[in-house]
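Asker: heads up, no residue letters with this:
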């Protein structure tokens, strides 16, 4: 025995996994078998004859009757000195005993589950010894009861049909003495060998257990109105149980039933009452506790498998459960709306049957439609993992279950609703978010669902719907027709108001906590430490928030973004310590998801795009950025002749290029604001990805100006305070009129290139050529073509056409820029939001 256990202990991890899988298969097969052995028709008929209070009492007492079995495993864990929590022991004990009651297989399930749940991997042999010492006492209580009954049947008027099975009681009576004799052999360490105190505890627990079982069986008979003497019922019940156990048929089904039916009918009881008695006993003592046990079994089995495979199975199952609940809620809502077509319940409702049939039907249908729509909305809340979904669901469930059972019990609907409630309970821990904005995508999807339902309603309703609401004027007076439509519109209005109120109530306190307001000193210090990129200077516009990623409370990476609807629109690539870019991006996405926000990354480079693609993002090429290599730029020689000509011509006409450094005087700012106003010509400023005229913003970096012969400023360019170590860029380039100053823009760029080259910088960023080489090819993706059309038809301020051709004269290096967006969002809505966001806030 020791060698066998030692061998098994080496393979215990594999054995446990195989055993759990085997028990899972066994449990599923038992569920199928129970479905065949218990007739739903008979069960419904039996329950229909019993008061609901008695049914509830049987259910409660059945669960109580099973509970003493848990004492065995509390004692077992004391014996093997396990460190499991009491909750774990109670839950797993319920699993072991209820599954063993249904599918014992001669104790294999009983022993195997206890070993799997309670054994210590380091001392598995001791655990098996403990189990073998405890299990033999489980039947001790039955042995004592059989001994008592064996004596009493000779002194009480027990029916002869029962008394003739005295040998069954006698044989079982001998079980406990036999166990005590065997366990007294000190050479045995694996069978019943335990301390006297422990043995007394086990015998006491077994007595309580069997007392509860016997009492529960008798109570069911009493609640059914059976008044047969206990001295006949108790011996018969125990004899039937023993024969069932000896037969080793799972649950004793068959042999137990035959003995009980034969015995009780011989005592003069009606066969239908006996069958009902057995059915209810099996349902509330076996099936209901077994169902709870199955749930707990898969909970704990799943936990073990989940730990073994790095939580992947658990995450998959949670996701499946979450999506299943969403689908179930929508299906239920769909059928609640469809049920509004069924008019046959109207006459049964007392307060409606006196109304006009059409008006009464409308009043009866309206709650059904409203409940259906609220279930569809609840599915949206659950999808967004809102914490309020759980209490909202329970309120809706209670109202719905009352409504569907108002006239008569609706079995299928009630069961389906209970299943949905149970699934909601199971996923409740995933519902942990507070923020909610009814996004455009969500509105479109829910509207599509509602419209689809209405179409189905019209199709299924057929002519009756059209006749009732559109053609009834042929058969009724005009005033009745008007009243009908007035009531219909009022009903629709009320439904809409309730629907909108639910959305308002859920989203009323939505205040996004992600990111922080712009703090100039903190941001400046960060850029001075790590440097920035060509978009970093846009943060000084103070029209965006900043998301800081910290390590040990030290700023390492920063993103600049703005909030629009439920979208978090990030401007450009992150800035900071490149080592943490990936980790920072992952954390940013995670925090945004917890706030029910979707992040769109705008004008990011290829490296950032590939990182985002690993996080499940789709991407769209948005255009190309022109980067001039200043080391290759020169106004000298044959190659620079065209640039020299531009500069010479401008200077001969009296133009003068000058660099001004901050701080700037108000007089100077007034002069360039006048230029800016003329350049805008009444048009609205842009923002977010482009700068706008703001005096505080312009104080952050030098400004280049062009003066005419009179010394007046006719153009200016502000440098972008990006703190980029080797690349310079600009933001605003504004001038009074280029018509009278041909080559003015070329003159400004050439002078800027020369200036930054002298300053030791290597590149000059000319900025984006949006939609350059995007969506204009026959082979382009459809969504790229749509994006191209959106920008072409919506961009009235800045003309993007020709930008690439203009910038190409400086022979730049073209770098692709992308928009990266989550798969779950819709690109068309993302593009519209980007356009809306690109205006000055």
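Answerer: On my side now, so go ahead. Keep in mind that this is a model prediction, so the values were computed, not measured.
Asker: ok, how many other residues are close to residue 657?
Answerer: 20 (other Cβ atoms under 10 Å). In short, each C-beta sits where N, CA and C put it, glycine included.
Asker: again, but for residue 238
Answerer: Based on other Cβ under 10 Å, the number of other residues close to residue 238 is 22.
Asker: just residue 490 next, same as before
Answerer: Neighbour tally, residue 490, other Cβ under 10 Å: 12.
Asker: State the mean pLDDT of whichever strand or helix holds it.
Answerer: Per DSSP states H and E: residue 490 is located in helix 478-507. Regarding helix 478-507, the rounded mean pLDDT is 73.
Asker: Kindly report the same for stretch 637-650.
Answerer: Stretch 637-650 shows a mean pLDDT of 87.
Asker: Check which residues of that stretch are buried.
Answerer: For stretch 637-650, the buried set under the neighbour-count rule, 16 or more other Cβ atoms under 10 Å, comprises 643, 646, 647, 650.
Asker: I'd like the residues you listed as a markdown table, with distance to residue 511 and secondary structure appended.
Answerer: Shown next, in a markdown table, are the buried residues of stretch 637-650 (distance: Cβ to Cβ, whole Å; DSSP: H, G, I helix; E, B strand; the rest coil):
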| residue | distance to residue 511 | secondary structure |
| --- | --- | --- |
| 643 | 54 | helix |
| 646 | 54 | helix |
| 647 | 55 | helix |
| 650 | 53 | helix |
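Asker: Now tabulate these in TSV and tack on distance to residue 686.
Answerer: Compiled in TSV, the buried residues of stretch 637-650 are given as follows (distance: Cβ to Cβ, whole Å):
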residue	distance to residue 686
643	29
646	28
647	30
650	28
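Asker: Just after whichever helix or strand residue 295 is part of, pick out the following helix or strand.
Answerer: Using DSSP H and E, residue 295 falls within helix 288-308. Once helix 288-308 ends, the next helix or strand along the chain (criterion: DSSP H and E) is helix 312-338.
Asker: which secondary structure elements does that following helix contact?
Answerer: Helix 312-338 is packed against helix 288-308, helix 357-383, helix 411-426, helix 440-469, with contacts defined by 3 or more Cβ pairs under 8 Å, 6 or more residues apart in numbering; DSSP states H and E.
Asker: Which of the ones you listed comes out lowest on mean pLDDT?
Answerer: helix 440-469 (a mean of 71).
Asker: what does the average pLDDT come to for the helix or strand encompassing residue 209?
Answerer: Assessed by DSSP H and E, residue 209 sits inside helix 196-223. Mean per-residue pLDDT for helix 196-223: 92.
Asker: Could you give me the buried positions within it?
Answerer: Neighbour-count burial for helix 196-223 flags 198-199, 201-203, 205-207, 209-210, 212-214, 216-221, 223 (criterion: 16+ other Cβ under 10 Å).
Asker: now residue 733: how far from residue 85?
Answerer: From residue 733 across to residue 85, the span is 70 Å (Cβ to Cβ, to the nearest Å).
Asker: Over to residue 180?
Answerer: For residue 180, the distance to residue 85 - Cβ to Cβ - is 33 Å.
Asker: Mind checking which of these two has more residues around it?
Answerer: The neighbour comparison of residue 180 against residue 85 (other Cβ under 10 Å) goes to residue 180, with 15 against 9.
Asker: and the angle from the helix or strand in which the more buried one is found to helix 196-223?
Answerer: Residue 180 belongs to helix 175-183 when elements are defined using DSSP H and E. In terms of direction (axes from the mean of the first three to the mean of the last three Cα atoms, to 10 degrees), helix 175-183 departs from helix 196-223 by 160 degrees.
Asker: which helices and strands sit right next to helix 175-183?
Answerer: helix 140-152, helix 196-223.
Asker: would you turn those into CSV with distance to residue 611?
Answerer: Output for the helices and strands packed on helix 175-183, formatted as CSV (distance: least, Cβ to Cβ, whole Å):
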stretch, distance to residue 611
helix 140-152, 66
helix 196-223, 60
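Asker: which other residues reach stretch 522-529?
Answerer: If you take Cβ atoms under 8 Å, 6 or more residues apart in numbering as the criterion, stretch 522-529 is touched by 536, 539, 540, 546, 555, 558, 575, 576, 722, 723.
Asker: Not counting residues beside it along the chain, what's closest to residue 423?
Answerer: residue 325 (4.5 Å; Cβ to Cβ, 6 or more residues apart in numbering).
Asker: for stretch 573-593, which positions count as buried?
Answerer: For stretch 573-593, the neighbour count (16+ other Cβ under 10 Å) marks 573-577, 580-582, 584-585, 588-589, 591-592 as buried.
Asker: for stretch 389-403, same thing?
Answerer: 389, 390, 392, 393, 396, 397, 400, 401, 403.
Asker: helices or strands up against the helix or strand where the last one lies?
Answerer: What that stands for is residue 403. Using DSSP H and E, the element containing residue 403 is helix 389-404. If contacts are counted by 3+ Cβ pairs under 8 Å, 6+ apart, helix 389-404 sits against helix 357-383, helix 411-426.
Asker: Please repeat the previous calculation with a cut-off of 10 Å.
Answerer: Packing contacts for helix 389-404, counted by 3 or more Cβ pairs under 10 Å, 6 or more residues apart in numbering; DSSP states H and E, involve helix 312-338, helix 357-383, helix 411-426, helix 478-507.
Asker: Mind checking the pLDDT average for that helix?
Answerer: Throughout helix 389-404, pLDDT has a mean value of 91.
Asker: what's the angle from that helix to helix 312-338?
Answerer: Going by the same axes, to 10 degrees, helix 389-404 makes 40 degrees with helix 312-338.
Asker: residue ranges of the strands in the stretch 551-700 of the chain, please?
Answerer: Counting by DSSP state E, counting those that start in this stretch, one finds strands in the stretch 551-700 of the chain at the ranges 554-564, 567-571, 575-576, 598-604, 617-629, 656-660.
Asker: and these, which one's lowest on average pLDDT?
Answerer: Note on these: lowest mean pLDDT is at strand 617-629, with a mean of 89.
Asker: Buried residues in that strand, which are they?
Answerer: For strand 617-629, burial by neighbour count (16+ other Cβ under 10 Å) applies to 617, 618, 619, 620, 621, 622, 623, 624, 625, 626, 627, 628.
Asker: what's the closest non-adjacent residue to the fourth one?
Answerer: Spelled out, it's residue 620. Leaving out its chain neighbours, the residue that sits closest to residue 620 by Cβ to Cβ, 6+ apart is residue 819, at 4.8 Å.
Asker: Give me the number of neighbouring residues for that neighbour.
Answerer: When neighbours are counted by other Cβ under 10 Å, residue 819 registers 23.
Asker: Then it would be within a strand, right?
Answerer: Yes: the assignment for residue 819 is a strand, going by DSSP: H, G, I helix; E, B strand; the rest coil.
Asker: Tell me who's in contact with it.
Answerer: Shown in contact with residue 819 (Cβ atoms under 10 Å, 6 or more residues apart in numbering): 569, 600-604, 609, 617-623, 787, 827, 830-831, 834.
Asker: rerun that using 7 Å as the cut-off
Answerer: Residue 819 sits next to 600, 601, 602, 619, 620, 622 when contact means Cβ atoms under 7 Å, 6 or more residues apart in numbering.
Asker: what bridges to it?
Answerer: Taking DSSP bridges as the rule, residue 819 bridges to residue 602, residue 620.
Asker: what's around residue 516, how many residues?
Answerer: When neighbours are defined as other Cβ under 10 Å, residue 516 has 12 of them.
Asker: Could I get the pLDDT score of it?
Answerer: 92.
Asker: That one and residue 438, how far apart?
Answerer: For residue 516 relative to residue 438 (Cβ to Cβ), the value is 26 Å.
Asker: How is this structure divided into domains?
Answerer: The domain map for the chain lists 1-309, 314-472+482-508, 516-619, 626-832, with the assignment taken from the TED database.
Asker: JSON lines for those domains, including distance to residue 839?
Answerer: Compiled in JSON lines, these are given as follows (distance: least, Cβ to Cβ, whole Å):
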{"stretch": "domain 1-309", "distance to residue 839": "49"}
{"stretch": "domain 314-472+482-508", "distance to residue 839": "18"}
{"stretch": "domain 516-619", "distance to residue 839": "10"}
{"stretch": "domain 626-832", "distance to residue 839": "6"}
